[in-house]
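S.K.: Need a 3D model of the sequence below.
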Amino acid sequence: MNESLRRFYKNPNYIFLLAIIFLLLYGSIFIYSASFSLGSSHAMIIRHFVFVGLGILLFFGAVMIQKDLIHDLAYPIYGFSFLLLLILIVIKFVTKSDEAFRWIQIGNSKLFQPSEFMKIGLILALSKLFSTKKMSDIRMYIMACILTMIPVLLVLLQPDLGTASVILFIFLLMTFFSRLGFKSVFSTILLGSIVAYPLRKFLFKPYQLQRYYTLYNMFLNPRFVDPTGEGWSITQALIAIGSGGLLGKGLLKGTQSKMRFLPDTQYSDFIFAVIGEEFGFFGCLLLIFFYFLLLISSINIIFHSENYFEKMLLIGITGYWFIQIFTNIGMNVSILPVTGIPLPFVSYGGSALLTNFIVAGLVYNAQINRKKLEF
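M.R.: So this is what the prediction gives:
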């Protein structure tokens, strides 16, 4: 512990820490603003600060943990995450619920979202698998597919297509950078497409398919398709971002958000639209700039890591951040279908925020444990 504290003090990465601090500040401001019209801004921001405080503790816990222990806990953490997902699906079928069932809850109180913690579990499990030396490529590939497809199928049963897509992306990215390489990634995409297309009506809900069809048609019809149905959220997000102009309408002065034209999830899924409306193009650009700093500083740590397990772990975490950022912003500007993917450190959501703090701690663990200290 004392050695870790000494390294934390002697070997900092100010860019990485600055990016996270700014994103948390940005998120706090716009969670308050986005929830203002819902009449729950004070209660929501207090809960958010509680999760931030808990997240900071988890961040330092992940920073201080020994490397060997992270490696040893990889499969147990995956197993625990799988168990939580399985419990959730069992509850869904026992209660015969037709609604989306993504949270373990008591009464009306949502405790946590197991699929968020599964992202950590999968990254850790794949990192350990891909760093195994005495294993044939075909066996490694089959085991990686099994580790990935189990949570994907369980998440699809909730149903949550967005999170399932994130899990698949993590698998493809880590596989590409492992010794399995591009050939395995190409084979997976080809085989997955052949299997998924004829089974699409069984794998996906009608509203999920409709979102893809709506997005596809919007590129062909600039007057928008189904603007009062599946196209409503995308249409209102585009109006909000476009009306913000260069500098925005000002904090708490956005009309689309305050008059509740945006979905009620504007404090999470559509928080980027609120930022665009109230802080304008420059506000969005500033947000993207600090995400760039977060990703580029993480990539820099990858290049300085000498442990293969650690490299794969950092690649998985960086890829996880990238796909979440790209998917959320892409959804808000209508280049991707609407999914419930939050912006890291910015969107409201306890499980997602805690997950981001934990993986940030794992990244910073690699930073402070470089063999050569930076003075």
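S.K.: quick one: low-confidence parts of the stretch 251-375 of the chain?
M.R.: Residue ranges of the stretch 251-375 of the chain with pLDDT under 70: 371-375.
S.K.: what do you get if the cut-off is 90, keeping everything else the same?
M.R.: In the predicted model, the stretch 251-375 of the chain carries pLDDT under 90 at residues 251-270, 304-307, 331-341, 349-351, 368-375.
S.K.: Tell me where it has helices.
M.R.: 255-258, 271-304, 308-332, 350-368 (DSSP state H, counting those that start in this stretch).
S.K.: got CSV for the ones you listed, with distance to residue 20 too?
M.R.: Placement of C-beta: from N, CA and C, glycine included. Below are the helices of the stretch 251-375 of the chain laid out as CSV (distance: least, Cβ to Cβ, whole Å):
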stretch, distance to residue 20
helix 255-258, 25
helix 271-304, 7
helix 308-332, 11
helix 350-368, 6
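S.K.: Is it possible to get TSV of the ones you listed that adds mean neighbour count?
M.R.: Below are those laid out as TSV (neighbours: other Cβ atoms under 10 Å):
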stretch	mean neighbour count
helix 255-258	22
helix 271-304	20
helix 308-332	22
helix 350-368	23
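S.K.: and residue 49, which of those is closest to it?
M.R.: helix 350-368 (10.7 Å; Cβ to Cβ).
S.K.: before we move on, back to that, between the helices of the stretch 251-375 of the chain, which one is closest to residue 155.
M.R.: Short answer: helix 350-368, nearest of the helices of the stretch 251-375 of the chain by Cβ to Cβ, at 13.4 Å.
S.K.: elements contacting that closest one?
M.R.: helix 2-10, helix 14-36, helix 41-64, helix 67-72, strand 109-112, helix 114-130, helix 271-304, helix 308-332 (3 or more Cβ pairs under 8 Å, 6 or more residues apart in numbering; DSSP states H and E).
S.K.: Out of these, which is closest to residue 357?
M.R.: Nearest of the helices and strands packed on helix 350-368 (Cβ to Cβ): helix 41-64, 3.4 Å.
S.K.: Give me the contact list for that closest one.
M.R.: 1, 4-5, 8, 24, 27-28, 31-33, 35, 267, 348, 350, 353-354, 356-362, 364-365, 368 (Cβ atoms under 8 Å, 6 or more residues apart in numbering).
S.K.: Quick one: work out the angle between that helix and helix 14-36.
M.R.: What separates the directions of helix 41-64 and helix 14-36 is an angle of 160 degrees, with axes from the mean of the first three to the mean of the last three Cα atoms, to 10 degrees.
S.K.: which of the residues in helix 41-64 are buried?
M.R.: Within helix 41-64, the residues scored as buried using 16 or more other Cβ atoms under 10 Å are 41, 44-45, 48, 51-52, 55, 58-60, 62-64.
S.K.: which among those gets closest to residue 93?
M.R.: residue 51 (29.8 Å).
S.K.: gap between that closest one and residue 119?
M.R.: 17 Å (Cβ to Cβ, to the nearest Å).
S.K.: Next: residue 16.
M.R.: Residue 16 is 20 Å from residue 119, by Cβ to Cβ.
S.K.: Between the two, tell me which one has more neighbours.
M.R.: residue 119 (24 against 21; other Cβ atoms under 10 Å).
S.K.: ok, back up a step: nearest to residue 86, of the buried residues of helix 41-64?
M.R.: Nearest to residue 86 among these, with distances taken as Cβ to Cβ, is residue 58, at 23.7 Å.
S.K.: Distance check, the closest one against residue 64.
M.R.: 11 Å.
S.K.: what helix or strand does residue 105 sit in?
M.R.: strand 104-106 (DSSP states H and E).
S.K.: tell me the mean pLDDT for that strand?
M.R.: Mean pLDDT, computed over strand 104-106, is 70.
S.K.: Now do the same contact list for the residue positioned nearest the centre of the chain.
M.R.: Taking Cα atoms, centre = their mean as the criterion, residue 324 is the residue nearest the geometric centre of the chain, at 4.1 Å. Neighbouring residues of residue 324 by Cβ under 8 Å, 6+ apart: 166, 341, 342, 343, 344.
S.K.: Quick check: it vs residue 183, distance?
M.R.: 27 Å.
S.K.: repeat for residue 278
M.R.: Taken as Cβ to Cβ, the span from residue 278 to residue 183 is 47 Å.
S.K.: Residue 195 too?
M.R.: 18 Å.
S.K.: Likewise for residue 55?
M.R.: Residue 55 is 39 Å from residue 183, by Cβ to Cβ.
S.K.: May I ask which helix or strand encompasses residue 188?
M.R.: Going by DSSP H and E, residue 188 is in helix 181-196.
S.K.: Isn't residue 119 up against residue 320?
M.R.: Yes - using Cβ atoms under 8 Å as the test, residue 119 is close enough to residue 320 to be in contact (5.9 Å).
S.K.: Any chance you could list residues touching both of those two?
M.R.: Common neighbours of residue 119 and residue 320 (Cβ under 8 Å, 6+ apart) are 166, 170.
S.K.: Can you get me a residue count around the closest residue to residue 280 other than its chain neighbours?
M.R.: Spatial nearest neighbour of residue 280, chain neighbours left out: residue 248 (3.3 Å); criterion: Cβ to Cβ, 6 or more residues apart in numbering. Other residues within reach of residue 248, judged by other Cβ under 10 Å, total 22.
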